[in-house]
Every structure is written in structure tokens, then in C-alpha cells.
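**Q** sequence below, structure please.
(2 chains)
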2 protein chains.
Amino acid sequence: MSRLDSVIRRLEAQRACLNRAAELVRGIDGAVIELGLGNGRTYDHLRELFSERDIYVCERQVAAHPDCIPPADRLLLGDMFETLPAARFLIGHVALAHFDAGTGDAAANLNLAAGLRPLIVALLCDGGVLATQQAMDGPDLVLMPLPEGVAEGRYHLYRRV
Amino acid sequence: MSRLDSVIRRLEAQRACLNRAAELVRGIDGAVIELGLGNGRTYDHLRELFSERDIYVCERQVAAHPDCIPPADRLLLGDMFETLPAARFLIGHVALAHFDAGTGDAAANLNLAAGLRPLIVALLCDGGVLATQQAMDGPDLVLMPLPEGVAEGRYHLYRRV
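**A** The predicted structure is shown next:
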């Protein structure tokens, strides 16, 4: 499998999981939070899926495509280890959180995911969903089945219980 | 269509066209040339498709993934307007050239494509194929049908006549 094959498979898995997550939270009130804006591609996809919901975005320093920059009052600017606990109005009010560490360093990505996990879990409402490239197994989260065609472990969908 | 949808569609079209180009040159002797290395993803795909052929790569300054850096004796380092005419050993000996200007500036991409066109055509052997994101219509090149599922104009396949 070439790197071209591999990136296509990764992006398709990401899209399939976001679309599935949208179905999973259909009956659940709450905001959406994008944990890391990056180039803004998945934020743009979330905007399409959740045009009726408030979408908050965490980012250390915005460097996205100009069309994909969230409104200032939806942006949690800074280090997530500080901005997430400070966003008290979101605690328990998030229906969907999406996380993709997005660096090429797998070990660093997993470390970051483990560190952020309790902060993210605290945001989720009952039944809220976490879609994440990095595994975040542990208490309070139940692993949900992946969409067809997405290989085990490539993405993760959890429901808060 | 979100930017996530859009990048998936673009990469799938690129892959389908490279795969089709490989079929088109199956009976034709000659080298492969990648006009612009970028992150090295399509070069990696070309390596898979053409493991038996010499693959030359043009790049101004190599910044690809470490796994996708061509051997030094296959690298034409510098400005293509200088390196292509200087690579006299390739003139008329290329079975497949691949070009994707790859910047976000559509007008600049088309300008670059138009400027490089005569240099690229000179490389192609009889029956050689040019796969390019940017249109390069004109003398000596016949437009070939695109693979199924690739929208007209999204990619271009030409055969040198």
C-alpha cells in the first residue's frame, strides 16, 4: 500500500466515522467540539453535518484555510490543558467531541490523547460521543462499532455512559 | 461538499489516473518522471506501480517524508525550467510524466503548466503519457478518456502522438 493509498484510506475512515457519529448523536442535545483545528478540513465537514448546533473549536494557533476559521466566540484559543477546564459552560454539554492529534509522531499522539482524556470525558453529556483517531479506552466510555469498511483500530467511536 | 469530501475526491482521482496511466504505458519502454516531489505520496505510488522502471524526480528543494526521498542519481534538483532542458539523456525517453503543480493558487498553477508544457512534451517518447492535474491541451498531445468516476477536468491524461 503506497502512501497515497494510505492517506486516502485514513481520510475515508475519518469521514465515515464523523458521519456515523452524527447519526449516533441525532437524538441527543448538545454542542459539538473540534479538538484541534489544523487545516480546518474536518471542521468544515462538521459544519456541514451539524449546521444547527454550536461548534466549538480548540486550537493553539489558528493556521487553517481562511474559509475554515471559526467565529471568534466559538474559538478556544490556547493550550487545551488550560482552555478545556476553563470552558466551564461546556462541561457536560457536549454531544460530540472529535479528536485527531494529527502529528506524525504516534507515541506523542497517544500520550496527548491519554492526557486529554479526562478533560474530554468531563465535557460529554450522557450518551455523548467521542470520535478519535487515537484510542481512549477506559472508564465512562463504551467503544462503539465502526462503520463498514473502517479497519479496527484505525479510528475509535466511544459513547459516554 | 465539505473540504474533507473534496480532498478525498481529489486524491482518489489522482490515484485512479496514475493507475490508468500505468495501464496506458504497459507496452511502452521508457522512464517515469515525477515533476515535483512535494510530500512524496504520489512518488511512492509511482514506485509501487513502476518497480521495474527508472523513476526520475524533479524538485526545487526536497521536503518529502524520509521514506519517499529518491536516490540522488534519480533526483533533478533545482528549477524545472533549468533542470528539464539540461536532462538531455531523458529527452524522448520518458514513457510517463506526472505533473501536479500542487499549490493552492489555480491561476499560478495553470501558468506554470503552460510554461513547462513544451519542456515536458520534449521528454515524452512516441506514445508516452502525461498525467497532470492542470490541463495541458495543445499540439503533440491527445487527450485520453479518464477512468470511471473521475469528473471531467479534475485530472488530465494525454498521449504523445
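**Q** helices of chain A, residue ranges please.
**A** Counting by DSSP state H, chain A has helices at residues A:3-24, A:41-49, A:80-86, A:106-123.
**Q** Serialize those to TSV and add fields for distance to residue B:69 and mean pLDDT.
**A** Where C-beta positions appear, they are placed from N, C-alpha and C, glycine not excepted. Formatted as TSV, the helices of chain A follow (distance: least, C-beta to C-beta, whole Å; pLDDT from 0 to 100):
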stretch	distance to residue B:69	mean pLDDT
helix A:3-24	12	96
helix A:41-49	26	97
helix A:80-86	34	96
helix A:106-123	21	94
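**Q** quick one: name the residues of chain A near chain B.
**A** Residues of chain A lying close to chain B (C-beta under 8 Å from any C-beta of the partner chain) are A:2-5, A:7-8, A:11-12, A:14-15, A:18, A:39-42, A:44-45, A:47-48, A:65, A:67-68.
**Q** distance of the spatially most central residue of chain A relative to residue A:49?
**A** Geometric centre of chain A, nearest residue: residue A:98, 0.7 Å, by C-alpha atoms, centre = their mean. From residue A:98 across to residue A:49, the span is 10 Å (C-beta to C-beta, to the nearest Å).
**Q** okay, and the common contacts of the two?
**A** Common contacts of residue A:98 and residue A:49 (C-beta atoms under 8 Å, 6 or more residues apart in numbering or on different chains): residue A:18.
**Q** nearest to residue B:22, of the helices of chain A?
**A** Nearest to residue B:22, of all the helices of chain A, is helix A:3-24, at 12.8 Å by C-beta to C-beta.
**Q** which residues touch the closest one?
**A** Residues from elsewhere that reach helix A:3-24 (C-beta under 8 Å, 6+ apart): A:1, A:42, A:45-46, A:49-50, A:96, A:98, A:100, A:129, A:131, A:133, A:144, A:146-147, A:149-151, A:154-155, A:157, A:159, B:4-5, B:7-8, B:11-12, B:14-15, B:18, B:39-42, B:44-45, B:65, B:67-68.
**Q** residues contacting residue A:45?
**A** Counting by C-beta under 8 Å, 6+ apart, residue A:45 touches A:15, A:18, B:2, B:3, B:4, B:5.
**Q** tell me what the longest strand anywhere in chain A is packed against?
**A** Longest strand of chain A, by residue count under DSSP state E: strand A:124-132. In terms of contacts (3 or more C-beta pairs under 8 Å, 6 or more residues apart in numbering or on different chains; DSSP states H and E), strand A:124-132 is packed against helix A:3-24, strand A:94-99, helix A:106-123, strand A:156-160.
**Q** mind checking which of the ones you listed is nearest residue B:74?
**A** Proximity to residue B:74, assessed across those by C-beta to C-beta, is greatest for helix A:3-24 (17.6 Å).
**Q** tell me the confidence at the closest residue to residue A:137 other than its chain neighbours?
**A** Closest residue in space to residue A:137, ignoring its immediate chain neighbours: residue A:143 at 6.9 Å, by C-beta to C-beta, 6 or more residues apart in numbering or on different chains. Looking at residue A:143, its pLDDT is 97.
**Q** who's residue A:143 bridged to?
**A** Under DSSP bridges, the beta-bridge partners of residue A:143 are residue A:158.
**Q** I figured it hits residue A:157, correct?
**A** Yes - contact criterion C-beta atoms under 8 Å: residue A:143 and residue A:157 qualify, at 7.3 Å.
**Q** tell me which residues touch residue A:53, please.
**A** Applying C-beta under 8 Å, 6+ apart, the residues near residue A:53 are A:30, A:31, A:32, A:95.
**Q** mind redoing it with 7 Å?
**A** Counting by C-beta atoms under 7 Å, 6 or more residues apart in numbering or on different chains, residue A:53 touches A:31, A:32.
**Q** how much space separates it from chain B?
**A** The gap separating residue A:53 from chain B is 15 Å, by C-beta to the nearest C-beta, to the nearest Å.
**Q** ok, residue A:141 next?
**A** Distance, residue A:141 to chain B, by C-beta to the nearest C-beta: 24 Å.
**Q** residue A:126 too?
**A** Distance of residue A:126 to chain B, given as C-beta to the nearest C-beta: 28 Å.
**Q** chain B versus the residue nearest to residue A:137, what's the distance?
**A** Residue A:143 sits at a distance of 23 Å from chain B (criterion: C-beta to the nearest C-beta).
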